[in-house]
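# generate coordinates for the sequence data below:
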Amino acid sequence: MDVQFSSFQSRKCHARVMHLSRLLFGLLSTGSRTAHQNSAVNVRSIWICYCHARPQAWLAQVNVNKMASVSIFHDNEPSADDINNNNDKEVEGDGGSEEIQDHVNRVLTDTGAHSSKTIPKRESRKKRKRAGSGGRVDSEEDAETTKKKKPSQRPNYFVSIPITNSQISSAVSEVQEAMLEQEPRLAKAMIPVPTLHITLLVTHLADQGQVDLAAAVLAQVETSLAELLAGADLVLPFSGVTHFRNEVVFVGLTPGLHIHTLHSLADLLRRHFEELGLLEGGGRGFEPHLTIMKLSKAPKLRSQGIKRVDPALYSNYTSRFFGNQTVERLDLCSMLKRKQEDGYYHTETSLQLDTFR
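Residues are numbered from 1 along each chain as shown. A predicted model of the protein is given here:
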């Protein structure tokens with residue numbers, strides 16, 4: 001190993017460099033074949049980090065078995081590109097380079113030249129693969145997002161009560177138009193009037209077999225539902241516009257026994273769906289409402305500064321009576337299939353309630 005030194009400011013610095021050089025020679029001469037193959041990268045990385053830790057006027061040239069040549073120039077700290085390129089190189093083998101870097105860190109600490117900085121260990125190729133193929137993991141939050149997740153189970157079907165009373169539909173149209181006069185950018189967030197409904201439950205049906213099974217559930221609950229209604233109509237009076245977190249605007253129901261009946265109906269359906277494995281338990285509590293606008297329909301609104309809906313836009317309708325809706329049927333609807341000619345969701349099957357009277 002041929003080492004030449006010049007322009008050192010002190011004998012103490014000279015001794016430190018000699019110590020480091022002997023250590024490098026010993027480790028490389030006893031290291032694995034893979035470590036020798038990667039020595040040029042290792043030596044360069046070590047000298048750069050050492051200079052970065054002790055930025056003083058010195059010049060050294062090290063030749064290690066004709067495998068590496070590193071020059072460190074007067075008052076010239078490594079650039080960000082140099083450090084990043086070094087750290088981004090992948091190293092295969094038995095970890096010889098990590099062993100060298102650990103020893104150098106200890107030497108720099110013992111000699112006082114560490115300056116509270118350590119040479120970062122390179123990640124092995126296996127570790128990089130575990131970090132995910134989408135790029136380098138920069139934070140703990142990023143690491144969480146790279147973990148493997150189960151296949152998406154986003155809801156794609158729902159059971160609903162359609163709104164068929166034209167009085168209610170007309171009143172909803174009036175509210176939407178009044179809101180758009182004040183804030184036209186909300187147009188894409190409005191719920192189309194032909195699709196107005198109350199949702200009883202939402203679920204994910206993976207294939208046609210599960211869709212057929214869900215349709216069979218509606219037929220199975222017919223007897224229980226007839227007992228629940230006891231031959232009477234289920235009438236839902238809609239009144240007053242309100243919101244969820246100023247992100248969803250809806251028409252509420254006036255208090256009364258009909259709300260208890262509606263909850264019992266939703267619970268009946270949920271139990272049957274869960275028993276057949278068509279619905280996971282622990283879902284949100286049922287809160288019947290008639291949605292007329294929701295910001296999630298138009299995600300681009302957030303980039304335009306609209307993150308909340310101002311209640312002043314519908315303040316004239318907070319106590320408005322919209323009309324009574326007699327529940328005529330229950331529909332099993334698809335969220336993804338093309339809508340029907342009347343504008344309503346694609347309906348797989350329906351359970352008619354007028355036959356109960």
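# what's the helix or strand for the nearest residue to residue 244 once chain neighbours are set aside?
With sequence-adjacent residues excluded and distances taken as CB to CB, 6 or more residues apart in numbering, residue 244 is closest to residue 250, at 7.2 Å. For the C-beta atoms, the positions are set from N, CA and C on the backbone; glycine is no exception. If you go by DSSP states H and E, residue 250 is part of strand 248-253.
# now the helix or strand following that strand against strand 248-253, angle please.
Going down the chain from strand 248-253, the next helix or strand is helix 257-275, by DSSP H and E. Going by axes from the mean of the first three to the mean of the last three CA atoms, to 10 degrees, helix 257-275 is angled at 120 degrees with respect to strand 248-253.
# which elements pack onto helix 257-275?
strand 197-203, helix 208-220, helix 222-229, strand 235-244 (3 or more CB pairs under 8 Å, 6 or more residues apart in numbering; DSSP states H and E).
# now those in a markdown table, with distance to residue 312?
Formatted as a markdown table, those follow (distance: least, CB to CB, whole Å):
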| stretch | distance to residue 312 |
| --- | --- |
| strand 197-203 | 26 |
| helix 208-220 | 42 |
| helix 222-229 | 40 |
| strand 235-244 | 12 |
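# in this structure residue 262 contacts residue 237, no?
No - using CB atoms under 8 Å, residue 262 is not in contact with residue 237, being 11.6 Å away.
# neighbour count: these two, which is higher?
Higher neighbour count among residue 262 and residue 237: residue 262, with 20 against 16, using other CB atoms under 10 Å.
# list the contacts of that one.
By CB atoms under 8 Å, 6 or more residues apart in numbering, the residues touching residue 262 are 198, 234, 236, 253, 288.
# what's near enough to touch the fourth one?
Residue 253 makes contact with 236-239, 259, 262, 288-289, according to CB under 8 Å, 6+ apart.
# which residues of the stretch 151-300 of the chain score low on pLDDT?
For the stretch 151-300 of the chain, the stretches flagged by pLDDT under 70 are 151-152, 281-284.
# cutoff 90 now
The stretch 151-300 of the chain contains residues with pLDDT under 90 at 151-153, 231, 279-286.
# which of the residues in stretch 339-355 are buried?
344-345, 347-349, 351, 353 (16 or more other CB atoms under 10 Å).
# reformat the contacts of residue 253 as JSON lines; add distance to residue 306.
Putting the contacts of residue 253 into JSON lines (distance: CB to CB, whole Å) gives the following:
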{"residue": "236", "distance to residue 306": "31"}
{"residue": "237", "distance to residue 306": "32"}
{"residue": "238", "distance to residue 306": "26"}
{"residue": "239", "distance to residue 306": "27"}
{"residue": "259", "distance to residue 306": "32"}
{"residue": "262", "distance to residue 306": "32"}
{"residue": "288", "distance to residue 306": "27"}
{"residue": "289", "distance to residue 306": "21"}
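# out of those residues, who's the most crowded?
Neighbour-wise, those (other CB under 10 Å) top out at residue 238, 25 neighbours.
# okay but it is in contact with residue 167, surely?
No - using CB under 8 Å, residue 238 is not in contact with residue 167, being 9.5 Å away.
# any shared contact partners between those two?
The contact lists of residue 238 and residue 167 share 322-323, where a contact means CB under 8 Å, 6+ apart.
# apart from its neighbours in sequence, what residue is nearest residue 293?
residue 249 (4.3 Å).
# residue contacts, the residue nearest to residue 335 when sequence neighbours are not counted?
Counting by CB to CB, 6+ apart, residue 156 is the residue found nearest to residue 335 once chain neighbours are left out, at 5.2 Å. Contacts for residue 156 were tallied using CB under 8 Å, 6+ apart; they are 204-205, 334-336.
# parallel or antiparallel, which strands does the strand holding residue 250 pair with?
Taking DSSP bridges as the criterion, strand 248-253 forms sheet pairs with strand 235-244 (antiparallel), strand 290-294 (antiparallel).
# so of those, which one's packed in deepest?
strand 290-294 (a mean of 21; mean count of other CB atoms under 10 Å).
# that older thread, could you single out the nearest of the contacts of residue 156 to residue 185?
Lowest distance from residue 185 to the contacts of residue 156 (CB to CB) belongs to residue 335, with 24.7 Å.
# contacting residues for that closest one?
Applying CB under 8 Å, 6+ apart to residue 335 gives the contacts 155-158, 345.
# let's see which of these end up in helices.
Within the contacts of residue 335, no residue falls in helices by DSSP state H.
# give me the subset of those lying in strands.
Counting by DSSP state E, those place 157-158 in strands.
# dump the contacts of residue 335 to CSV, plus distance to residue 301.
Formatted as CSV, the contacts of residue 335 follow (distance: CB to CB, whole Å):
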residue, distance to residue 301
155, 22
156, 24
157, 27
158, 24
345, 23
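# where along the chain do the helices fall?
All helices of the chain, identified by DSSP H, fall at 11-30, 33-37, 39-53, 80-88, 96-110, 125-130, 140-145, 166-182, 208-220, 222-229, 257-275.
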